[in-house]
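Colleague: Sequence first, predicted coordinates after that:
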Amino acid sequence: MVAPSPAPTVAPPCLSGVDHLEWWVGNARTFAGFLSAAVGFTPVAYAGPETGRRDRVSYLLRQGEVRLLISGALDPESPIAEHVRLHGDGVRDVAFGVDDVDAAHAAALARGARSLRDPADDTDEHGTIRHAAVTTYGDTVHTLLDRRRYAGPFAPGFVPTDLHAAPGPEVGLRRIDHVVGNVEKGTLGQWVAFYEDVFGFEQMTHFDDDQISTEFSALMSTVVWDGHRVVMPLNEPADGRRKSQIEEYLDFYRSPGVQHIALSTADIVDTVRALRERGVRCMTVPPDYYLGARERMADLDLPWAELERLGILVDRDEHGHLLQIFTETVTDRPTVFFEIIQREGARGFGEGNFKALFEAIERAQAERGNL
Ligand code: FE2
């Protein structure tokens, strides 16, 4: 679990960003196919028995700067099989790029992290990747890796894949905006302290349950980040009249874990049009939402009819506005989903939409006499 906060005397690991996210799933080929056909990712590299891996297969998919690694087990003793049995499909690893793996790993341990893998080299004819790993919330881990001495398609043991990109309109996702974790009730403070202590992260912002709640569902959220590119909001369930969506996640995932991955685009209307055409299903928005949103954002020149048709949400803060949409969960269990986000100056996370959405639902309920 989380170590008590020591006064860290060692400088925190220096992260260059999120290198990739690794999913552990029940059927890697099928999930990779879904990400290609529906979400517009390009299969880039493959590792499996043909490349000397005996216990697992992995597909590396890419879109813009986003790398998703999809891995599945080849035998029931594989830790992937056990992870899938317990959690269902989910994100195992939020892998960070670092310049000095040994120093980053040693610093993380000195500052209270638990090691999962000590530093080691993987080498093939394309070069060397040095990597190590530490644990975080639930069964989630952070690999720390340095790929600057590697020129192959992804990592040693991987070859270019013959799994082809599915045809379809260009989706245009560019990079990972943030990766959100759900943690158990009463532990938000501990996990914020973990990221502050171990990685030297700072709190960017905090939302109390009275800011993101309605009568029905509530959560508390603290956004921690490295001050540059790694942004990791953490959610904890709070009491509402009904079960919090965070509690539902924890019940089904059976532990803390990654809830959603926000991917940025420069043109969310084009992106969402392409995703919908490719068959991605998104959370539906009650028409009432747009009555309120148009009022709140009356001074912005936005394609409201198109936003409403596609179900895109809008929020603003003192720095600007943002447009966002959430997919339905992409896992069998109601756990993990994607967010698509276009930032126009705004630094928030759409917290205004949480309340607006639920109020719109409640307005409609009230109209039906059911509230
Ligand atoms: Fe988000």
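Modeller: Right, received. Where do you want to start?

Colleague: what's the domain layout of this structure?
Modeller: Residue ranges for the domains of the chain, per automatic domain parsing: 15-160, 173-368.

Colleague: Out of the ones you listed, the one nearest the ion is which?
Modeller: Closest approach to the ion among the domains of the chain (Cβ to the ion): domain 173-368, 4.4 Å. Where you see a C-beta, it was placed from the backbone N, CA and C, and this is true even at glycine.

Colleague: Give me the distance between the two termini of the closest one.
Modeller: Across domain 173-368, the terminal residues are separated by 39 Å (Cα to Cα, to the nearest Å).

Colleague: now check that domain, is it near the ion?
Modeller: Yes: Domain 173-368 is in contact with the ion by Cβ under 5 Å from the ion, via 262, 339, 349.

Colleague: any chance of those residues in JSON lines, with pLDDT, distance to A110 and secondary structure too?
Modeller: Listed next are the residues of domain 173-368 next to the ion as JSON lines, based on pLDDT from 0 to 100; distance: Cβ to Cβ, whole Å; DSSP: H, G, I helix; E, B strand; the rest coil:
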{"residue": "A262", "pLDDT": "97", "distance to A110": "31", "secondary structure": "strand"}
{"residue": "E339", "pLDDT": "95", "distance to A110": "34", "secondary structure": "strand"}
{"residue": "F349", "pLDDT": "91", "distance to A110": "31", "secondary structure": "coil"}
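
Colleague: Out of these, who's the most crowded?
Modeller: Tallying neighbours with other Cβ atoms under 10 Å puts F349 at the head of the residues of domain 173-368 next to the ion, with 26 neighbours.

Colleague: If we ignore the residues flanking it in sequence, what's nearest that one?
Modeller: Nearest non-adjacent residue to F349, counting by Cβ to Cβ, 6 or more residues apart in numbering: P233, 6.1 Å away.

Colleague: If the one you found is in a bridge, with which residues?
Modeller: Assessed by DSSP bridges, P233 has beta-bridge partners V223.

Colleague: Any figure for the gap between it and R114?
Modeller: Distance, P233 to R114, using Cβ to Cβ, to the nearest Å: 22 Å.

Colleague: repeat for D332
Modeller: D332 sits 30 Å away from R114, taking Cβ to Cβ as the criterion.

Colleague: Looking at those two, which has the bigger crowd around it?
Modeller: A direct count of neighbours by other Cβ under 10 Å for D332 and R114 places R114 higher, at 15 against 10.

Colleague: Spatially nearest residue to the more buried one (excluding sequence neighbours)?
Modeller: Spatial nearest neighbour of R114, chain neighbours left out: T135 (4.8 Å); criterion: Cβ to Cβ, 6+ apart.

Colleague: and that neighbour, what are its bridge partners?
Modeller: On the basis of DSSP bridges, T135 takes part in beta bridges with V141.

Colleague: Quick one: residues contacting it.
Modeller: Applying Cβ atoms under 8 Å, 6 or more residues apart in numbering to T135 gives the contacts 113-116, 141-142.

Colleague: tell me which of the residues of domain 173-368 next to the ion is nearest to N370?
Modeller: Nearest to N370 among the residues of domain 173-368 next to the ion is E339, at 29.0 Å by Cβ to Cβ.

Colleague: I'd say F41 and L68 touch.
Modeller: Yes: using Cβ atoms under 8 Å, F41 is in contact with L68, at 6.5 Å.

Colleague: follow-up on the earlier one: tell me how far the residue nearest to R114 lies from T143.
Modeller: 11 Å.

Colleague: any idea how far the residue nearest to the spatial centre of the chain is from G88?
Modeller: Nearest to the geometric centre of the chain sits I261, at 2.3 Å (Cα atoms, centre = their mean). Separation of I261 from G88 (Cβ to Cβ) stands at 16 Å.

Colleague: Quick one: neighbours of A293, just the number.
Modeller: Neighbour count for A293, taken as other Cβ under 10 Å: 26.

Colleague: Report the secondary structure element holding it.
Modeller: Assigned by DSSP states H and E, A293 belongs to helix 288-296.

Colleague: List the buried residues for that helix?
Modeller: Under the neighbour-count criterion of 16 or more other Cβ atoms under 10 Å, helix 288-296 has 288-290, 292-293 buried.

Colleague: Check stretch 18-31 too.
Modeller: Buried residues in stretch 18-31, counted by 16+ other Cβ under 10 Å: 18-26, 28-29, 31.

Colleague: hey, where'd the strands end up in the stretch 151-300 of the chain?
Modeller: Assigned by DSSP state E, counting those that start in this stretch, the stretch 151-300 of the chain shows strands spanning 159-160, 173-182, 202-207, 218-225, 231-238, 257-265.

Colleague: quick one: contacts for G52?
Modeller: By Cβ under 8 Å, 6+ apart, the contact list for G52 reads G157.

Colleague: number of nearby residues for E82?
Modeller: Neighbour count of E82, defined by other Cβ under 10 Å: 14.

Colleague: For the helix or strand containing it, name the packing helices and strands.
Modeller: In this structure, E82 is located in helix 79-87 according to DSSP H and E. Secondary-structure packing of helix 79-87 (3 or more Cβ pairs under 8 Å, 6 or more residues apart in numbering; DSSP states H and E): strand 15-25, strand 66-73, strand 90-98.

Colleague: Go again with 7 Å.
Modeller: If you count contacts as 3 or more Cβ pairs under 7 Å, 6 or more residues apart in numbering; DSSP states H and E, helix 79-87 packs onto strand 15-25, strand 66-73.

Colleague: Now do the last one: distance to the chain's middle.
Modeller: Same thing as strand 66-73. 13 Å (Cα atoms, centre = their mean, to the nearest Å).

Colleague: so where's the stretch 1-150 of the chain shaky on pLDDT?
Modeller: Counting by pLDDT under 70, the stretch 1-150 of the chain shows low-confidence ranges at 1-8.

Colleague: Tell me how many other residues surround the nearest residue to P303 once chain neighbours are set aside.
Modeller: Once flanking residues are discounted, P303 sits nearest to V269: 6.4 Å by Cβ to Cβ, 6+ apart. Counted with other Cβ under 10 Å, the neighbours of V269 add up to 17.
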